[in-house]
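Visitor: just coords:
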Ligand SMILES: O=C(O)CCC(=O)C(=O)O
Ligand SMILES: [Fe+2]
């Protein structure tokens, strides 16, 4: 899985960082097309039955989260997930800091993930949050926010590991945003296998006539109509 490094370190990918920033600022989410290879998608899916890779197995229906399953990885994370979590954090921390400045939130994020994790761990948020998700026909993921304690990194990454219209139909990643005193707006994120979306965890800044204001974001997955859909999530804060 060492090949997993290449996308983030590839120059063409780095050159896309300004585009990612523009997308995030304009809509609260942005794409990282082809972040991981088809082989890496297959390797991640193949981890599903390996219980020693995971700390917890959640059946979403039992908690009212929707229908389908997910598993939180344990430490040490698989090398690909570990590398992506560290490298993507470094790309996203400056954006997160700018967003907090726009939203008048005092918190600033260190530029390296290890330092941010140390902050989480000191506060008792020590459990790893990256996860692998599996959905079958009829499964779905209710709109939610991945908050796991006081410390929150405001951006997260969702990687699609299956190919729409080949491996599954339906099952779209859906984002909603709720603006003060307005009705909610929904958007579908177009992903192919190997693509990732960077999404806001709970808030994003929107420029208004009287300055910036805070919009509440949620994400979920629409029902899978046919087939099997795998995804993986990278959340940068750890859980209490
Ligand atoms: O399956 C998906 O696309 C969404 C997964 C999710 O909720 C997450 O990674 O936090
Ligand atoms: Fe989520």
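Guide: On my side now, so go ahead. The model shown is predicted, which means the values in this text are computed figures rather than measured ones. Ligands and ions are numbered 1, 2, ... in the order given.
Visitor: how about the helix or strand hosting residue 220: buried residues?
Guide: Assigned by DSSP states H and E, residue 220 falls within strand 211-221. For strand 211-221, a neighbour-count test (16 or more other Cβ atoms under 10 Å) marks 214-215, 217-221 as buried. Bear in mind the C-beta positions are built from the backbone N, C-alpha and C, glycine included.
Visitor: Which ones, among the residues you listed, also lie beside ligand 1?
Guide: Filtering the buried residues of strand 211-221 for proximity to ligand 1 (criterion: Cβ under 6 Å from any ligand atom) leaves 219, 221.
Visitor: which of the buried residues of strand 211-221 lies closest to residue 25?
Guide: Closest approach between those and residue 25, by Cβ to Cβ: residue 215, at 12.2 Å.
Visitor: so the closest one touches residue 204, yeah?
Guide: Yes - assessed by Cβ atoms under 8 Å, residue 215 is found in contact with residue 204 at 5.3 Å.
Visitor: shared neighbours of those two, anything?
Guide: 28, 177 (Cβ atoms under 8 Å, 6 or more residues apart in numbering).
Visitor: Show me which of the buried residues of strand 211-221 is closest to ligand 1.
Guide: Nearest to ligand 1 out of those is residue 221 (Cβ to the nearest ligand atom; 4.7 Å).
Visitor: Identify the residues contacting that closest one.
Guide: 66, 68, 135, 140-141, 171-174, 229, 231.
Visitor: If we only consider the residues you listed, which is nearest to residue 79?
Guide: residue 231 (19.1 Å).
Visitor: quick one: contacts of the strand or helix carrying that closest one?
Guide: Using DSSP H and E, residue 231 falls within strand 229-234. The contact list for strand 229-234 (Cβ under 8 Å, 6+ apart) reads 41, 44-45, 48, 81, 84-85, 88, 129-135, 139, 146, 156-162, 167-168, 171, 173, 221.
Visitor: And stretch 85-103, by the same measure?
Guide: 5, 8-9, 17, 20-21, 24, 77, 106-114, 116, 130, 153-155, 157, 198, 203-205, 207, 212, 214, 234, 236.
Visitor: Give me the buried positions along it.
Guide: Within stretch 85-103, the residues that qualify as buried are 85-89, 91-93, 95-97, 99-100, 102-103, counting by 16+ other Cβ under 10 Å.
Visitor: ok so, going back, and the average pLDDT for the strand holding residue 220 is what?
Guide: Taken as a whole, strand 211-221 has an average pLDDT of 95.
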